[in-house]
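Colleague: just to be clear, the model below is a prediction. Sequence and coordinates:
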Amino acid sequence: MTEKHAIITQIVKEHAIDSNDGGDLQETRITTGGTINVNLFEAKIINNKRDEGEAHLTHLEVTLTPTTGGEEKKLTSECEDQAFHDLAAGSYTVKAQDAVGYSCICQQTINVTEGETQTVNFEYIRTQQ
């Protein structure tokens, strides 16, 4: 959580307590910044989107690197692709790990704007049976 997000979250929690008769804390999430969703899948049709029947690839590392430096890594799970939230506006390089038996151009640069969501689709083409 960024410092900006933590401050806004605290203000929302204090407001929820003050405005609620019983003093119960209401769950509220405010997204500050942008989001990048990363989809990794075995492509049957090369069209930069995941079509029905195209298998999600798991246990692959996705790295997000802002032009300002540093990086964040996540591993794709069995049930979902990855998302990077609360990103400051700017340019980011998204890179996905190579997979044995597949070919993929697995690096892309994305410009993020606060409050908007960008999607990166990495299409893996099977090269071995």
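Modeller: On my side now, so go ahead.
Colleague: low-confidence stretches in the protein?
Modeller: 1-32 (pLDDT under 70).
Colleague: show me the strands in it, by range?
Modeller: Listed in chain order, the strands of the chain (DSSP state E) span 34-42, 61-66, 72-75, 82-87, 90-96, 102-103, 107-112, 117-126.
Colleague: in a markdown table, list these along with mean neighbour count.
Modeller: Where C-beta positions appear, they are placed from N, C-alpha and C, glycine not excepted. Formatted as a markdown table, those follow (neighbours: other Cβ atoms under 10 Å):
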| stretch | mean neighbour count |
| --- | --- |
| strand 34-42 | 20 |
| strand 61-66 | 18 |
| strand 72-75 | 13 |
| strand 82-87 | 18 |
| strand 90-96 | 18 |
| strand 102-103 | 16 |
| strand 107-112 | 15 |
| strand 117-126 | 18 |
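Colleague: skipping its backbone neighbours, what lies nearest the residue nearest to the spatial centre of the chain in space?
Modeller: Centre of the chain computed as the mean C-alpha position; nearest residue by Cα atoms, centre = their mean is residue 83, 1.6 Å away. Closest residue to residue 83 apart from its sequence neighbours, by Cβ to Cβ, 6 or more residues apart in numbering: residue 37 at 4.8 Å.
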